[in-house]
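*Asks:* Can you look at this prediction? I've put the sequence above it.
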Amino acid sequence: MSMIEFHNVQKFYGHFHALHDINLEIDQGETVVLIGPSGSGKSTLVRTVNGLESIQKGKLIVNGHDLSDPKTNLNILRSDVGMVFQHFNLYKNKDVLENIMLAPRIVSHIPEEENKKQALDLLDMVGLRKWAHNMPSQISGGQKQRVAIARTLAMKPKLILYDEPTSALDPEMIDDVLQVIKKVTNESGMTSLIVTHEMGFAKEVANRVIFMDQGRIVEDDDSESFFKQPKTERAQQFLSKIISH
Amino acid sequence: MQNWINAFSWLNVRFLLMGLWVTIYISVISVILSFIFGSILGIIRYSKIKYVSQVVGFVIDIIRNIPLLLIIFFTYFGLPNFGLRPETIPAAIIAMTVFESSMIAEIVRSGIQSVSVGQMEGARSTGMSFVQALWHVVLPQAYKNMVPAIISQFVSLIKDTSLATIIVVPEMMQHAQVIYGQNANYILPMFAALAVLYFVVCFTLSIIGNVIGKHLS
């Protein structure tokens, strides 16, 4: 069964045509990595999936909800679709534990004790339990991102969107975060859509790679064939530039 | 010197303090009401609800750009034409609330906008509604940033209550005028007393504001 379906989706920012005629189907349980040069529309595409960006034309169905229909309740959709942001977006007014517990409490109405236990377990999983009562400003970027992943997991999502989760991190912090993402995608059977510039990680984690350029999907292939030999010249060019340095 | 001693007879001091009481009364009620209405209007303006937030924005712009004195005149002398005849104190409270709400609304709107968009997006992406995200995540951060601006607006509000003397509200300024109206030698003592009393009230509020600001951060 498919988790995400794009049918001829168009996205405009004023006159700028950000997404051209996107057709894409992602099945439940797939781990899809989205790569491409900056400005190619990767982040925009990911942000349309949970309705942070609206689409102007075409049909977009995510987890059975039709995002092209303005009557669709985005809050219900989003409680099943987690998102991990480039800049973490932890709530600055809440400590680490509260960051994780807030949405389960006020959106899913989970009993407080169960919620707290789940949050602490998740912190264990990302290796940050002892930071539970620190404010986001007191922890490092890599730790923030791991908390953000725990916060997303606390809603037990069916799909997680990662929008360049390591681009804002110091090189030394990147690995910890990638390890956590790998663990989550391997163990959970969740569907993941990941925008990243980390090619080694992409190769390791992805079942499928989508290459975008100038708002279009240029190539869509299984991970192994893509990294061995991209079919299009544009993707070959991109890969050679990225890997050569 | 004798003038100063006479000016501050117990009768006069008591009369002045009665005025101060009315000044504080009008200020406190107007501060509370304009904080509530200003916050609601500011949030509506920020929310970009079609038409509603534009209309609210338009009205706020009009009120912010006309003198408070005119609004006070209008509530007292204009409203009777529409069948409403507020007494002087309620008229002053209505006028202050209308004017200050529009000022607070702009402070609230820019305070919300000073919180990074990512905070709202982070909250919304977990399934929180717009109102939940505002209430639990964005507003607490916004109000923290807004404390200095809101306090200085309320200091202005207290000083501006003196304008209500024009519709003979029995506040401090009005009472001082009554006192020196009886004896022109009391003019300077009364001005000095007004300056001291307004200063004490406003400065106290500023200090409270600073304490709140420090406590929040």
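*Replies:* Done, it's in. Numbering: from 1, shown residues only, chains lettered A, B, ... in the order given.

*Asks:* So which residues of the chain form helices?
*Replies:* In the absence of a named chain, this looks at chain A. For chain A, applying DSSP state H gives helices covering A:42-49, A:74-78, A:96-106, A:112-125, A:141-153, A:171-188, A:199-205, A:223-228, A:233-244.

*Asks:* right idea, wrong chain: chain B
*Replies:* Taking DSSP H to define them, one finds helices in chain B at B:2-7, B:10-47, B:52-64, B:68-73, B:88-113, B:117-124, B:130-133, B:139-160, B:172-182, B:187-216.

*Asks:* Pick the most buried one from the ones you listed.
*Replies:* Highest mean neighbour count of these: helix B:88-113, a mean of 23 (counted as mean count of other C-beta atoms under 10 Å in any protein chain shown). Every C-beta, even on glycine, is put in place using the N, C-alpha and C of the backbone.

*Asks:* Does it reach chain A?
*Replies:* No - contact of helix B:88-113 with chain A (C-beta under 8 Å from any C-beta of the partner chain) is absent, the minimum separation being 13.4 Å.

*Asks:* What is that helix packed up against?
*Replies:* In this structure, helix B:88-113 makes packing contacts with helix B:10-47, helix B:52-64, helix B:68-73, helix B:139-160, judged by 3 or more C-beta pairs under 8 Å, 6 or more residues apart in numbering or on different chains; DSSP states H and E.

*Asks:* Compare those helices and report which one is nearest to B:P170.
*Replies:* With respect to B:P170, and counting by C-beta to C-beta, the nearest of the helices and strands packed on helix B:88-113 is helix B:10-47 at 5.3 Å.

*Asks:* interface residues of chain A facing chain B?
*Replies:* A:50, A:52, A:74-76, A:78-83, A:85, A:87-94, A:102-103, A:106-108, A:148, A:151-152, A:155.

*Asks:* CSV please, covering the helices of chain A and showing distance to A:G14, mean neighbour count and mean pLDDT.
*Replies:* Output for the helices of chain A, formatted as CSV (distance: least, C-beta to C-beta, whole Å; neighbours: other C-beta atoms under 10 Å in any protein chain shown; pLDDT from 0 to 100):
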stretch, distance to A:G14, mean neighbour count, mean pLDDT
helix A:42-49, 14, 23, 95
helix A:74-78, 22, 19, 94
helix A:96-106, 33, 24, 96
helix A:112-125, 40, 16, 95
helix A:141-153, 31, 25, 94
helix A:171-188, 34, 17, 88
helix A:199-205, 32, 17, 89
helix A:223-228, 33, 15, 90
helix A:233-244, 26, 14, 82
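
*Asks:* List the contacts of the residue lying farthest from the centre of chain A.
*Replies:* Computed with C-alpha atoms, centre = their mean, the residue of chain A farthest from its C-alpha average is A:E113, at 28.6 Å. Not one residue lies near A:E113 by C-beta atoms under 8 Å, 6 or more residues apart in numbering or on different chains.

*Asks:* Kind regards, and thank you for your time.
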